[in-house]
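Asks: Have a look at this fold, sequence not included:
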């Protein structure tokens, strides 16, 4: 579930692959986000545009060239009105999401995905292109269980399954460039 207070709605996801947008002012149903391939595992909302990102588990399939069994996730970007903007498949399991909150028109907001293998990835909220992988601080893979950006989007915090919290901070104070997060 993700609440978008500035736009007055909440998005819920379910095991049947449906996401529902709820109006928090009227306490009523607004819209359903359908056609997910599997159960919804996580959702997040942009407090600056009201955009919605959903992640569902992709059914396992066998790669033709290698014969290996692969399962992953499907990421979808929706407008505040529930229109599908874009989708992509990711071979790794996404465990959590977070959206930056920088002022639109001045900065381009991104969303972060926490991965089962311990990595954190930053994605463009315009076209779902990978912007960068943020270095994992652990020697062995530890699942990311929670992500949050600070209110100014200059720090990114990750909670890991081994009960550690990691903070990355902007290397340059006055610029918002997603390529310069450094481990603190």
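Replies: The structure has been received and is ready for your questions. What you see is a predicted model; the values in this text were computed from it and never measured.

Asks: And the pLDDT at residue 24?
Replies: Model confidence at residue 24, expressed as pLDDT, equals 95.

Asks: State the phi and psi torsions of it.
Replies: Dihedral angles of residue 24 (phi, psi; degrees, to the nearest 10) stand at phi -80, psi -20.

Asks: burial of the residue nearest to it when sequence neighbours are not counted, as a residue count?
Replies: Taking Cβ to Cβ, 6 or more residues apart in numbering, and ignoring the residues beside it in sequence, residue 24 has residue 8 as its nearest neighbour in space, at 5.1 Å. C-beta coordinates here come from the backbone N, C-alpha and C atoms, glycine included. Neighbour count for residue 8, taken as other Cβ atoms under 10 Å: 14.

Asks: Repeat that for residue 84.
Replies: One way to gauge burial is a neighbour count; for residue 84, by other Cβ under 10 Å, it gives 14.

Asks: can you pull the contacts of it?
Replies: Contact criterion Cβ atoms under 8 Å, 6 or more residues apart in numbering gives 33, 35, 76, 77, 78 as the residues in contact with residue 84.

Asks: Residue 80 now?
Replies: 7, 9, 49, 50, 51, 52.

Asks: Which of the three states applies to residue 6?
Replies: What DSSP: H, G, I helix; E, B strand; the rest coil gives for residue 6 is helix.

Asks: count of residues packed around it?
Replies: Applying the criterion other Cβ under 10 Å, we find 13 residues in the vicinity of residue 6.
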